[in-house]
Structure formats: structure tokens, C-alpha cells
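Engineer: Provide a 3D model corresponding to the input given below.
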Amino acid sequence: MTPAVLEFADVSKNYGGLRPLRIAGLIISTGVHAILGLDQAAAEVFIGLATGATLPDAGEVRLFGRPTSAITDSADWLATVDRVGIVSERAVLLDQFTVVQNLVMPFTLEIEPPPDAERAKAEALAQEVGLSQSTWTRPLAELDADAALRVRLGRAVALDPSLVLLEHATARLAREAVAPFGAVVNAIAERRAVAVVALTADDGFAHAVDGSPLTLDPATGRFKERRRRFWER
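Structural biologist: Sure, this is the predicted structure:
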């Protein structure tokens, strides 16, 4: 059996919402797992709990088999969170710089111009997330929401994480861009054998990446499978 990379057990966390974020039980191993039922604020709290940035008020979160409560100092936390990639609009991109310059930043801060070795890594990431070569040398500000999201995804997987968290990733995407982006996420998860958790309110995206996405009941903290009915296809 593949070891779990992320586990929630009887977790509750107050954050100023109508009710606490409750997760009765969740076990994540490899593959893509879509979760519906968390709004933007709750998704941000989930990511804080999953990465050990915050601790639950009750229950336990285990990351890579270890309770997040056992992370005792900043060096320990940074070493742990280095194994997690996050796709979120809260992660800063530099609109005035090119796609390649944005993608090279996980490897080096020398971006004008990037060293050849790091540039090659950035270009490989651009290709992996499906950015056409014609975009690589264009400033991010000239490109659309789909390109920016793919850059965020490339940044998230640049350092070979064991877990990738997506926070309402497709909220700004045109509908026709959702399924192709989902295909890229699935391909990366399979190629890299990485666990992916997609927190989303986008039912189409959830089903594009996960045939049986989970929906959280916020009152109980329990999940149920959300199978797409034939008339929704």
C-alpha cells in the first residue's frame, strides 16, 4: 500500500467563518484528489493546516507520516514545506517578467538573463505545463489567465514536491480552458507520481481531474463522493 502523504483525523479549526472547518477523516496518497465544498477562506485554512503553517484546534494533521504538531522550529518547517507545491493566486508572479523568467525563479534569482542551465530547466517546465514556445519570452502581463495558471503550476512542481495543493485554481479560467488544464494536472501527477489535492468550487474541473471527487459536508466534516450524472456530461 502506498504510504499516505497527508492525513486529517477529527480535525476542527476556527477561523471566523459561520462554523469551524471540520474534517472528520481524509487520507491522501498518490494521484489526484478533488475536493468540493470549501470556499476560498476555508481552502486557505485547509492549506495552512495541511502544510503545518497553522495547527488544528482539535484533532491531528499528519504530513508525510508525521504530525504537524511535531514541527518545532522554522528550519524544520521549511524543510518539510519544501516538499509541498502550492498553486494559489496568493503566490506572487512578476507580470513584467517573461514566462521563462518567472519559471526560473525556483532555481535562481539571476533572471536578467537566467544562467543557461536554469533557463533549460524553466523551459522544460514551460513545456511540461503546456505553454507554447511562442509565449516563453513574452511578459506575463501580455498573456491570459490560462497561461498565468500554468506558470503557477510550473512553479509549484519545479522542485519535485511529493504533494501539490491547488487552491481554487480555475476560478478565473474561461470554461473552455478548464478541461485542458485538468488534463495537464493529471499528466503531471502520473508522470511525477505526485499526490495532488485540488480544492475547488468548479464541478467541471473536479470531474476533469478526478472521476469521483469528494464533497465536504461542512456541518459534519465528512466527505461523500460526487459522481457526475449522465445528463451533466
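
Engineer: going forward, measure contacts between C-alpha atoms and count neighbours the same way
Structural biologist: Noted.

Engineer: For residue 116, see how far away the closest residue to residue 125 other than its chain neighbours is.
Structural biologist: Spatial nearest neighbour of residue 125, excluding adjacent residues (CA to CA, 6 or more residues apart in numbering): residue 154 at 5.6 Å. Using CA to CA, to the nearest Å, one gets 18 Å for the distance from residue 154 to residue 116.

Engineer: Only C-alpha atoms, please: export the top helix by length along the chain in CSV.
Structural biologist: The helix that spans the most residues within the chain, counting by DSSP state H, is helix 175-192. The C-alpha coordinates for helix 175-192 follow below in CSV (Å, rounded to 0.1, in the frame of the first residue of the first chain):
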residue,chain,number,x,y,z
ARG,A,175,-14.8,27.4,-19.4
GLU,A,176,-13.2,26.0,-22.5
ALA,A,177,-9.7,26.2,-20.8
VAL,A,178,-10.8,24.1,-17.7
ALA,A,179,-10.6,20.6,-19.2
PRO,A,180,-7.3,21.1,-21.0
PHE,A,181,-5.8,22.4,-17.7
GLY,A,182,-7.2,19.4,-15.9
ALA,A,183,-5.5,17.1,-18.4
VAL,A,184,-2.2,18.8,-17.7
VAL,A,185,-2.7,18.3,-13.9
ASN,A,186,-3.4,14.6,-14.4
ALA,A,187,-0.5,14.1,-16.7
ILE,A,188,1.9,15.8,-14.2
ALA,A,189,0.5,13.7,-11.3
GLU,A,190,1.0,10.5,-13.3
ARG,A,191,4.5,11.4,-14.7
ARG,A,192,5.9,12.6,-11.4
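
Engineer: quick one on the thing from earlier: which one's more surrounded, residue 154 and residue 116?
Structural biologist: It is residue 154, of residue 154 and residue 116, that has more neighbours when counted by other CA atoms under 10 Å, with 28 against 9.

Engineer: I'd like the next helix or strand past the helix or strand hosting that one.
Structural biologist: Element membership for residue 154 (DSSP states H and E) is helix 145-157. Beyond helix 145-157 on the C-terminal side, the first helix or strand identified by DSSP H and E is strand 163-167.

Engineer: what about the helix holding residue 154, distance to the chain center?
Structural biologist: Centroid displacement of helix 145-157 relative to its chain, using CA atoms, centre = their mean, to the nearest Å, is 10 Å.

Engineer: Now do the buried residues in that helix.
Structural biologist: 145-157 (16 or more other CA atoms under 10 Å).

Engineer: For this protein, which segments count as strands?
Structural biologist: 6-13, 21-28, 31-36, 58-63, 66-67, 84-87, 163-167, 195-199, 214-217, 222-225 (DSSP state E).

Engineer: How about residues contacting the fourth one?
Structural biologist: The contact list for strand 58-63 (CA atoms under 8 Å, 6 or more residues apart in numbering) reads 5-13, 49-52, 55, 67-69.

Engineer: Give me the buried entries from the residues you listed.
Structural biologist: Buried among the contacts of strand 58-63 (16+ other CA under 10 Å): 5-13, 49-52, 55, 67-68.

Engineer: Tell me which two in the residues you listed are the farthest apart.
Structural biologist: Distance extremes for the buried ones among the contacts of strand 58-63: the farthest pair is 5 and 13 at 20.5 Å, using CA to CA.

Engineer: Now the buried residues of helix 145-157 in JSON lines, please, with extra columns for distance to residue 125 and pLDDT.
Structural biologist: Listed next are the buried residues of helix 145-157 as JSON lines, based on distance: CA to CA, whole Å; pLDDT from 0 to 100:
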{"residue": "145", "distance to residue 125": "18", "pLDDT": "96"}
{"residue": "146", "distance to residue 125": "15", "pLDDT": "97"}
{"residue": "147", "distance to residue 125": "13", "pLDDT": "97"}
{"residue": "148", "distance to residue 125": "13", "pLDDT": "97"}
{"residue": "149", "distance to residue 125": "13", "pLDDT": "98"}
{"residue": "150", "distance to residue 125": "9", "pLDDT": "98"}
{"residue": "151", "distance to residue 125": "9", "pLDDT": "98"}
{"residue": "152", "distance to residue 125": "11", "pLDDT": "98"}
{"residue": "153", "distance to residue 125": "9", "pLDDT": "98"}
{"residue": "154", "distance to residue 125": "6", "pLDDT": "98"}
{"residue": "155", "distance to residue 125": "8", "pLDDT": "97"}
{"residue": "156", "distance to residue 125": "10", "pLDDT": "98"}
{"residue": "157", "distance to residue 125": "8", "pLDDT": "98"}
